[in-house]
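[1] with the input below, show me the fold.
(one chain, ligands or ions: 2)
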Amino acid sequence: MAEVICITGATSGFGLACARKFANDNDVELLLIGRREERLQQLVQSLPGKVQTFSFDVRNAEAIDQFARTLTDSNTQVDVLINNAGLALGTEPADQASLEDWNTMVDTNIKGLMHMTHALLPQMVDRNKGHIINLGSIAGSWPYPGGNAYCATKAFVEQFSRCLRADLLGKHIRVSNIAPGLAETEFSLVRMKGDKAKADALYNDTQALTPEDIAEIIYWTVKLPAHININHLEVMPTCQAWGPLNIDKTMV
Ligand code: NDP
Ligand code: 8X3
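    Ligands and ions are numbered 1, 2, ... in the order given. Here you go, the predicted model:
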């Protein structure tokens, strides 16, 4: 029986690299989700094996329910759910940040991930089989100026992943939070709202992680023997590490 891998945010970055990585396996069926229909169509044509695409916005709860119903109707059961769709918007300090941006991040990174999990987890529990991979971030553990709502959404992903593990104890269902640091994808272009110069500046003179690095790690996490669960895996490029905490010496 083919292993069914469902990837949200498969049109770019980590999701796309995961789709390419898993597509090379024999006997795998990919369910690829994103909003950009034309990119999904290209994937169907370029990837080997059985690939189905679903164009919807993970902020649309009704679309997720419809997706789950489509799977039920075709008797398709998801073995691995990669909750990857997500974004950051803006780097302004909290008092200057856009409330609309905050809501978009919450609706995508938290509610979208939660709805996908809620829709697909019951069939994993029924079969006593499955693996949920959530894309967290170093931002979920480590605050930085301008990170505000984005960091908080990833802290949700971290704790939600741990709590799923607690609830699923006794079932053969694994849950892993993969938390990358600096990685070069379309992430910064989206965060900087299309300003390519600003997005590129972040990666200049670095050897950032690549989407393929993260796909390799996710693939390894999934392929480990079933009795091993990676709870939380934080990964940074070697050129990245913590700095000292800031101290304001002008306040006295
Ligand atoms: P990209 O911008 O390259 O990819 C993001 C993907 O998410 C796209 O395929 C996009 O597809 C999809 N997406 C975004 N919003 C929605 C939505 N509302 N509904 C459906 N799909 C959506 O970024 P990355 O690959 O870097 O990011 C993937 C994940 O990794 C995110 O959760 C991000 O927060 C996280 N991450 C990224 C890091 C980095 O430095 N790059 C580091 C740590 C974590 P489409 O636009 O077609 O819908
Ligand atoms: C993306 C990594 O450090 O830009 O989640 O927040 S960071």
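[2] residues of the stretch 151-252 of the chain that sit close to ligand 1?
    By CB under 6 Å from any ligand atom, the residues of the stretch 151-252 of the chain that approach ligand 1 are 180, 182-183, 185-187, 190. (C-beta placed from N, C-alpha, C; glycine too.)
[3] from ligand 1, how far off is Trp142?
    Here Trp142 is placed at a distance of 11 Å from ligand 1 (CB to the nearest ligand atom, to the nearest Å).
[4] now do the contacts for that residue.
    Counting by CB atoms under 8 Å, 6 or more residues apart in numbering, Trp142 touches 151, 242.
[5] quick one: pLDDT of it?
    With respect to pLDDT, Trp142 has a value of 98.
[6] with Met1 instead?
    84.
[7] how about the one 3 residues further on?
    Model confidence at Val4, given as pLDDT, is 98.
[8] that one - that's part of a strand, no?
    Yes: assessed with DSSP: H, G, I helix; E, B strand; the rest coil, Val4 lies in a strand.
[9] my read: Pro143 touches Cys151, true?
    Yes: taking CB atoms under 8 Å as the definition, Pro143 is a contact partner of Cys151 at 5.5 Å.
[10] can you pull out the strands in this structure?
    Remark: strands assigned in the chain by DSSP state E are 3-8, 28-34, 50-55, 80-83, 130-135, 173-180, 232-235.
[11] pick the most deeply packed of those strands.
    Among those, strand 80-83 has the highest mean neighbour count (mean count of other CB atoms under 10 Å), at a mean of 26.
[12] same for that one, what does it pack against?
    With contacts defined as 3 or more CB pairs under 8 Å, 6 or more residues apart in numbering; DSSP states H and E, the packing partners of strand 80-83 are strand 3-8, helix 113-127, strand 130-135.
[13] interface residues of the chain facing ligand 2?
    Within the chain, the positions adjacent to ligand 2 are 137-139, 181 by CB under 6 Å from any ligand atom.
[14] switch to 5 Å and redo it
    137, 139 (CB under 5 Å from any ligand atom).
[15] so who does the residue nearest to the spatial centre of the chain touch?
    Closest residue to the average C-alpha location of the chain: Asn84 at 1.9 Å, with CA atoms, centre = their mean. Asn84 is in contact with 7-10, 14-15, 18, 133, 135, counting by CB under 8 Å, 6+ apart.
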